[in-house]
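Peer 1: build me a structure from this.
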Amino acid sequence: MMPLLDVRDLKVAYGGIHAVKGVSLHVNQGELVTLIGANGAGKSTTMKAIAGMIPAASGEIDFDGQPSPNTSHELLAKGLSLVPEGRGVFSRMSVLENLQMGE
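Peer 2: I've put the predicted structure just below:
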């Protein structure tokens, strides 16, 4: 089975700081996958790179069997979005309403 999301050797840097150093993961249709790690381990940076919100320094990301589009707008049109947590949510909205903001 071809993964819905296939990330290979993803690297992300902020200037000279290497925030993500070669993450690979595969998510199949209907599967739930989590990223777990300490503060500053690169979880949010990894997710932002996958969602097209920040550029990857290198690596490959395929979504639904195709190379991932370059922008978050194109990814959103294909059905992939990032729902922020904590300070990134709209506190007066329900969970459902926050999720629908990505549509």
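Peer 1: run through the helices of the chain in chain order.
Peer 2: Taking DSSP state H, the helices of the chain run over residues 43-50, 72-78, 95-100.
Peer 1: distance from the centroid: which residue in this protein tops it?
Peer 2: Within the chain, R92 marks the point farthest from the mean C-alpha position, 24.8 Å out by C-alpha atoms, centre = their mean.
Peer 1: my read: E74 touches Q66, true?
Peer 2: No - if you go by C-beta atoms under 8 Å, E74 and Q66 don't touch, sitting 10.8 Å apart. C-betas here are computed from N, CA, C, even on glycine.
Peer 1: looking at the two, which is more packed in?
Peer 2: Taking other C-beta atoms under 10 Å, E74 and Q66 do not tie; E74 has more neighbours (13 against 8).
Peer 1: tell me, how many residues neighbour the closest residue to that one other than its chain neighbours?
Peer 2: Spatial nearest neighbour of E74, chain neighbours left out: G52 (7.2 Å); criterion: C-beta to C-beta, 6 or more residues apart in numbering. The number of residues packed near G52 is 22, by other C-beta under 10 Å.
Peer 1: for G52, give its distance to A13.
Peer 2: Noted for G52: a distance of 17 Å to A13, by C-beta to C-beta, to the nearest Å.
Peer 1: list the buried ones in the lowest-mean-pLDDT helix or strand in the chain?
Peer 2: None of the helices or strands of the chain scores lower by mean pLDDT, DSSP states H and E than helix 95-100, at a mean of 78. Within helix 95-100, the residues scored as buried using 16 or more other C-beta atoms under 10 Å are N98.
Peer 1: for it, which outside residues touch it?
Peer 2: By C-beta atoms under 8 Å, 6 or more residues apart in numbering, the residues outside helix 95-100 that reach it are V83, V89, F90.
Peer 1: from what I can see P3 touches V33, true?
Peer 2: No - with contacts counted by C-beta under 8 Å, P3 stays clear of V33, the gap being 10.1 Å.
Peer 1: anything in contact with each of those two?
Peer 2: V27.
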